[in-house]
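Trainee: 3D model of this:
(2 chains)
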There are 2 protein chains.
Amino acid sequence: MHGCWNPENLASRKIAPGVIHKLAWGDKLMLSLVTLEPHAVIPTHSHPHEQMGVMISGKVELAIAEEILPLSGNAMFMIPGMTFHAFIAGPEGATLVEAFSPPREEYKTTTRD
Amino acid sequence: MHGCWNPENLASRKIAPGVIHKLAWGDKLMLSLVTLEPHAVIPTHSHPHEQMGVMISGKVELAIAEEILPLSGNAMFMIPGMTFHAFIAGPEGATLVEAFSPPREEYKTTTRD
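Mentor: The predicted model follows:
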């Protein structure tokens, strides 16, 4: 079903200390507005879902495949499925938009922290 | 393959007068940083691809299924496949992030206008 939501009405999930996903999803896509507090860390992990994202504000380092990719401005990134990755927010935190396909089933059980 | 790109290095496609997509894609996802000039219009159309997006700046009206949805702030939206929709940018234009699944093959032949 089509629709639109302001962030305060989206399902919210705290996926790591200082890291909040605001989520909506369909059959093939899950979209997330992600906020990271200063120096927040999403530890190294992988998943079969393809993941892409765009920076909206602030800076992060994306650690992937033995590289550290510094992301700022409106940088876009691609994380193929089954690829280990981590995020480390800069001193001012960061906001980004992420997309997953297929939707991450484990994120559909949302929490409001 | 993983990677990151600044907007000036992304494939660019003008999809309507005053409407530019900056695109990257994988196997399941296509992500786009979309800029609309003031009052730009994406005419009514539909496609089988599922589409979601998040507003980054400015305002648009999303015309869908006989509704007009006003979008601003960081509003998120969902457009199911095969659903007619159009966008009309506000007087200050707009920037948004859109995701498609599967990737839109016709957008892979990019143009730099």
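
Trainee: residue A:14 belongs to a strand?
Mentor: Yes. Under DSSP: H, G, I helix; E, B strand; the rest coil, residue A:14 sits within a strand.

Trainee: run a quick neighbour tally on it.
Mentor: 13 (other C-beta atoms under 10 Å in any protein chain shown). For the C-beta atoms, the positions are set from N, CA and C on the backbone; glycine is no exception.

Trainee: is it true that it touches residue A:20?
Mentor: Yes. Between residue A:14 and residue A:20 there is a contact under C-beta atoms under 8 Å: 5.6 Å.

Trainee: any regions of chain A where pLDDT drops low?
Mentor: Within chain A, the ranges that satisfy pLDDT under 70 run A:110-113.

Trainee: tilt between the top strand by length along it and strand B:85-101?
Mentor: Counting residues, the longest strand found in chain A (DSSP state E) is strand A:85-101. Per axes from the mean of the first three to the mean of the last three C-alpha atoms, to 10 degrees, the angle that strand A:85-101 makes with strand B:85-101 is 130 degrees.

Trainee: strands paired with strand A:85-101, and their directions?
Mentor: As defined by DSSP bridges, the strand partners of strand A:85-101 come to strand A:30-36 (antiparallel), strand A:41-45 (antiparallel), strand A:50-64 (antiparallel).

Trainee: single out the most deeply packed of the ones you listed.
Mentor: strand A:30-36 (a mean of 23; mean count of other C-beta atoms under 10 Å in any protein chain shown).

Trainee: keeping just the C-alphas, turn it into CSV.
Mentor: C-alpha atoms of strand A:30-36 as CSV (Å, rounded to 0.1, in the frame of the first residue of the first chain):
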residue,chain,number,x,y,z
MET,A,30,13.3,-1.6,3.4
LEU,A,31,14.3,2.1,3.8
SER,A,32,15.8,3.5,7.0
LEU,A,33,16.6,7.0,8.3
VAL,A,34,19.6,6.3,10.5
THR,A,35,21.0,8.6,13.1
LEU,A,36,24.3,8.0,14.8
